[in-house]
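Asks: let's see this in three dimensions:
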Amino acid sequence: MNDSPVTLRYNDEIVRRFTLASVLWGVVGLLVGVVIALQLAFPALNLGLPYTTFGRLRPLHTNAAIFAFVGNMVFAGVYYSSQRLLKARLAYDFLTKVHFWGWQLIIVLAAVTLPLGYSRSKEYAELIWPIDVLVALVWVVFGVVFFGTLARRRERSLYVAVWFYVGTIITVALLYVVNHLSLPTSLLHSYPVFGGVQDALVQWWYGHNAVAFFLTTPILGIMYYFVPKAVGRPVYSYRLSIIHFWSLIFLYIWAGPHHLLNTSLPGWLQGLGMIFSLMLWAPSWGGMLNGLLTLRGAWDKLRTDPVVKFMAAAVTFYGMATFEGPLLSIKAVNALGHYTDWIVGHVHAGTLGWNGFMAAGMFYWLVPRLWGTKLHSERLANLHFWVGMVGILFYVASMWVAGIGQGLSLNELTADGSAPANTFIETLKNILPMYYLRALGGGLYLCGFLLMVYNLWRTIRSGTPTDGGAEVPAEAAALPPARPFAGFANAPVLFTLAIIATACLWLLGQGGWATAGLVGLVTAVLATIAHFEVNQYTWKTWHEELLHHAFPFSVLSLIAVAIGGALQIIPTVALYKGDGDARLLEGRVQKPYRPLELAGRDLYVREGCYNCHSQMIRTLKPDILRYGAGQGYSRLGESIYDRPFQWGSRRTGPDLAREGLLRPDLAWHYRHLVNPRELEPDSIMPAYPWLKEQDVDRSLLFGKISALRTLGVPYRAEASTPAAIQNDYDAQAKEIAKALADKGIVVPTDSEMVALLAYLKCLGLNVETLSPEARR
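Replies: Okay, here's the model as predicted:
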């Protein structure tokens, strides 16, 4: 029998590649962020070009920051740490290269298509369908490499960082596939399978949990590996890490509806979103405390070690962001903060502080080891920290002041409560100085990042690429065969399922079912506590045994994250649809867009107007008085066929849900689109003069309307033939052109300007009222 140890040589070449890519794309993402911040302060910087407007560059910034910068950083951290934690070289060297180059191709395609206006207009999900398919395939490659490494591991028990990696890979795949279900109309365009309120719910189920499972859980895994490494201490509490992981992945998935509070989203979904968001305080802060208390006995390193400094600050920002998120999910607070810059500040506190600083700490620790040398300059790293910290404080503080000020101003009513006290443009003028400070803060953060780039470059030049390795005892060279179904049939799993089932019955049931659910929930909780107190050893042994078997661990993780989405999405898709009960549609239903209006709506999406304008009048008196046009708040049925939905997440400009009623003057809209500052000198909206010069590609309309009919939009068959579509288009285009000609404005009927004006004109008018008994 050969007892000599087995020597492992890790694949650190792929880690080096992802590290360098992350740093490169980080510069790009931050630079574009500074540019669009300056565009909001100085609108002339939109340059009058279609490819450089805020509406087109903002999605480029968010995608570069999330998927290019943080994405590459996550892959580097996961691949480096998992090899050491699992005592195994990454599986399938070739697939790691496919993963790397495939991901960079996705980023380049995004960088090309987004400025060209090819967008799905869904936040963090703007990429067109061919790129979406590529993202899914590359993510599968990542999963195959990771789970292949997991299968050949020589360390039997799974460390806490690996738990978070497993949860990330499974959940991101689920989120991405469901939210990107689309029906293509051409190679570069598609419509979402879900429409209206369904699309809104699915998008923010994805959008919120993209933040949770792409920007949070993998970074937590990296925290659980690199923070103990940096300070030379074990994780503060293993038991707390168990609570942190399971409660976080279960609760997070329910919280998406808090992005849609006070809208026409059904009340039961809003309630669930708020309740689960508040519950997230506990596991989030448990994880933060676990990270910070790992520094116990090593607090002195905060003064001397930039790695520890960055990581401690990052964990602190994680705590701040996860306190602010649940706070903003309270309906009364959300009424003040939603659609304002407060949300922008909240997001950037997490992205710049939590993601950005954790990335910097990881790079400063990792790069010297990957190139077998020492960090070039700790003084520069410390300077980076303080410049970046000041930049974050300028950015976040300015957005807090701007957002709260904007919310208070727009929600203020006259003394008799009959009208808004302030105009939108007055509010914008008051907060404009904060936009200057935001740009300054972003610029400082970019300068700090460039200091890191220089520091890392000098560090790399002083060393040579070095792959790590380890010697594994012969008895650990091969694990016993896995038991794929171990860990399912036992008290912890059964009690947990009982609690979830009875809680869902209580929350979603009515009358006697809700009462039975509440009684069952109380009974299940008490029984669980009693069983745990009597059999603590059994519970601990079960979890330890579970950690020895990756398959049941992965399955239970999938179940934990799938429950919340299924119980929210399935009832919404089944109940809230255009041919459903008029009471559920709140008595109004949307009429299908005419061909010209549909073409204009797609132009609205192309130009990124959704980045600055909402189309959702909230159930709040200030919103109703300002935007309601005498018809109250937006009803659920008014946007039921919208694909994609356009409820928005930010109001840099006013709401447009009833723009056709509030401002029917087409000549005003024409002049406003050509040169906004001609009508309002203080406007920060970009100009769109090219719309009057470019023609609509009418040949695409038949395919688009056919796709919408397939998805359930009630276009009549006789009105959906190519000839009927073109005739209707011509008729409405001539009406628009004549209305403009009467005001002395000559525009060709085929121009994009005519199509966009037709869309703006129909907003608020393409709705019919239903009787309470009506069913469509």
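Asks: when you work out contacts or count neighbours from here on, use the C-alpha atoms and nothing else.
Replies: OK.
Asks: OK, contacts around the spatially most central residue of the chain?
Replies: The centroid of the chain falls nearest to residue 207 when counting by CA atoms, centre = their mean (3.4 Å). Going by CA atoms under 8 Å, 6 or more residues apart in numbering, residue 207 touches 123, 124, 125, 256.
Asks: measure residue 128 to residue 703 for me?
Replies: Distance of residue 128 to residue 703, computed by CA to CA, to the nearest Å: 16 Å.
Asks: out of the two, which sits in the busier spot?
Replies: Ranked by neighbour count (other CA atoms under 10 Å), residue 128 and residue 703 place residue 128 first, with 24 against 16.
Asks: does that one touch residue 118 like I think?
Replies: Yes. With contact defined as CA atoms under 8 Å, residue 128 and residue 118 form a contacting pair (6.5 Å).
Asks: give me the common contacts of the two.
Replies: 188, 189.
Asks: what about residue 624, which helix or strand?
Replies: For residue 624, the element it lies in under DSSP states H and E is helix 621-627.
Asks: after that helix, which helix or strand is next? Please name it.
Replies: Counting by DSSP H and E, the next helix or strand C-terminal to helix 621-627 is helix 659-662.
Asks: so residue 624 makes contact with residue 616?
Replies: No. Using CA under 8 Å, residue 624 makes no contact with residue 616, being 10.1 Å away.
Asks: what's near enough to touch residue 263?
Replies: Contacts here follow CA under 8 Å, 6+ apart; on that basis residue 263 touches 616, 617, 618, 619, 634.
Asks: buried subset of those residues as a PyMOL selection?
Replies: In PyMOL syntax, the buried subset of these is picked out as below (16 or more other CA atoms under 10 Å):
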select buried, resi 616+617+618+619+634
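Asks: farthest pair in the contacts of residue 263?
Replies: Greatest spatial distance among the contacts of residue 263 (CA to CA): 616 and 619, at 9.3 Å.
Asks: need the residues touching each of the two.
Replies: Residues touching both residue 616 and residue 619 (CA under 8 Å, 6+ apart): 263, 264, 633, 634.
Asks: with pLDDT and distance to residue 582 added, can I get the residues you listed in a markdown table?
Replies: Output for the shared contacts of residue 616 and residue 619, formatted as a markdown table (pLDDT from 0 to 100; distance: CA to CA, whole Å):
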| residue | pLDDT | distance to residue 582 |
| --- | --- | --- |
| 263 | 95 | 18 |
| 264 | 95 | 14 |
| 633 | 95 | 17 |
| 634 | 95 | 15 |
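Asks: how about CSV for those residues, with distance to residue 541 added?
Replies: Below are the shared contacts of residue 616 and residue 619 laid out as CSV (distance: CA to CA, whole Å):
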residue, distance to residue 541
263, 47
264, 47
633, 55
634, 53
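Asks: and which of these is nearest residue 446?
Replies: Each of the shared contacts of residue 616 and residue 619 was scored against residue 446 by CA to CA, and residue 263 proved nearest at 36.4 Å.
Asks: next, that closest one: phi, psi?
Replies: Backbone torsions for residue 263, taken as degrees, to the nearest 10, come to phi -100, psi -170.
Asks: quick one: it and residue 335, what's the gap?
Replies: 10 Å.
Asks: then residue 631?
Replies: For residue 631 relative to residue 335 (CA to CA), the value is 20 Å.
Asks: the more surrounded of those two?
Replies: Legend: neighbour count by other CA under 10 Å for residue 631 and residue 335, higher for residue 335 (20 against 13).
Asks: how about the contacts made by the more buried one?
Replies: Residue 335 makes contact with 261, 262, 407, 620 under the criterion CA under 8 Å, 6+ apart.
Asks: same question for residue 97.
Replies: Applying CA under 8 Å, 6+ apart, the residues near residue 97 are residue 14.
Asks: so it sits in a helix?
Replies: Yes. Under DSSP: H, G, I helix; E, B strand; the rest coil, residue 97 sits within a helix.
Asks: could you check how far it is from residue 91?
Replies: To residue 91, residue 97 is 11 Å away according to CA to CA.
Asks: now tell me which helix or strand of the chain has the poorest mean pLDDT.
Replies: helix 536-546 (a mean of 73; mean pLDDT, DSSP states H and E).
Asks: and the pLDDT at residue 411?
Replies: The model reports residue 411 with a pLDDT of 95.
Asks: now it: how far from residue 624?
Replies: 11 Å.
Asks: who are the contact partners of residue 750?
Replies: Contact analysis of residue 750 by CA under 8 Å, 6+ apart lists 695, 696, 733.
Asks: out of those, who has the most neighbours?
Replies: Greatest neighbour count in these, by other CA under 10 Å, goes to residue 733: 23 neighbours.
Asks: spatially nearest residue to that one (excluding sequence neighbours)?
Replies: residue 749 (5.3 Å; CA to CA, 6 or more residues apart in numbering).
Asks: next, the one you found: secondary structure please.
Replies: Secondary structure state of residue 749, per three-state DSSP, is coil.
Asks: re earlier: what's the closest of the contacts of residue 750 to residue 164?
Replies: The nearest member of the contacts of residue 750 to residue 164, counting by CA to CA, is residue 696 at 47.5 Å.
Asks: contacting residues for the closest one?
Replies: Contacts for residue 696 (CA under 8 Å, 6+ apart) come out as 599, 750, 751, 752, 755.
Asks: measure it to residue 721 for me?
Replies: From residue 696 over to residue 721 (counting by CA to CA), the distance is 18 Å.
Asks: and the longest helix for the protein?
Replies: helix 424-461 (DSSP state H).
Asks: packing partners for it?
Replies: Other elements packing on helix 424-461 under the criterion 3 or more CA pairs under 8 Å, 6 or more residues apart in numbering; DSSP states H and E are helix 13-41, helix 357-370, helix 378-411.
Asks: mind putting the ones you listed into a markdown table with mean neighbour count and distance to residue 670?
Replies: Output for these, formatted as a markdown table (neighbours: other CA atoms under 10 Å; distance: least, CA to CA, whole Å):
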| stretch | mean neighbour count | distance to residue 670 |
| --- | --- | --- |
| helix 13-41 | 21 | 22 |
| helix 357-370 | 24 | 45 |
| helix 378-411 | 21 | 26 |
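Asks: which stretches in the stretch 451-600 of the chain count as strands?
Replies: Ranges of strands in the stretch 451-600 of the chain, per DSSP state E, counting those that start in this stretch, are 469-472, 588-590.
Asks: now swap in the stretch 151-300 of the chain and tell me
Replies: Secondary structure of the stretch 151-300 of the chain (DSSP E, counting those that start in this stretch): strands at 182-186, 189-192.
Asks: so which of these is the most surrounded?
Replies: Most buried of these, by mean neighbour count (mean count of other CA atoms under 10 Å): strand 189-192, with a mean of 22.
Asks: for the record, mean pLDDT for it?
Replies: 96.
Asks: so how far is it off the chain centroid?
Replies: In terms of CA atoms, centre = their mean, to the nearest Å, the centre of strand 189-192 is found 19 Å from the chain centre.
Asks: list every C-alpha atom in it, with coordinates, as CSV.
Replies: The C-alpha coordinates for strand 189-192 follow below in CSV (Å, rounded to 0.1, in the frame of the first residue of the first chain):
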residue,chain,number,x,y,z
HIS,A,189,-35.4,41.7,-30.5
SER,A,190,-37.8,39.8,-28.3
TYR,A,191,-40.8,40.3,-26.0
PRO,A,192,-40.9,38.8,-22.4
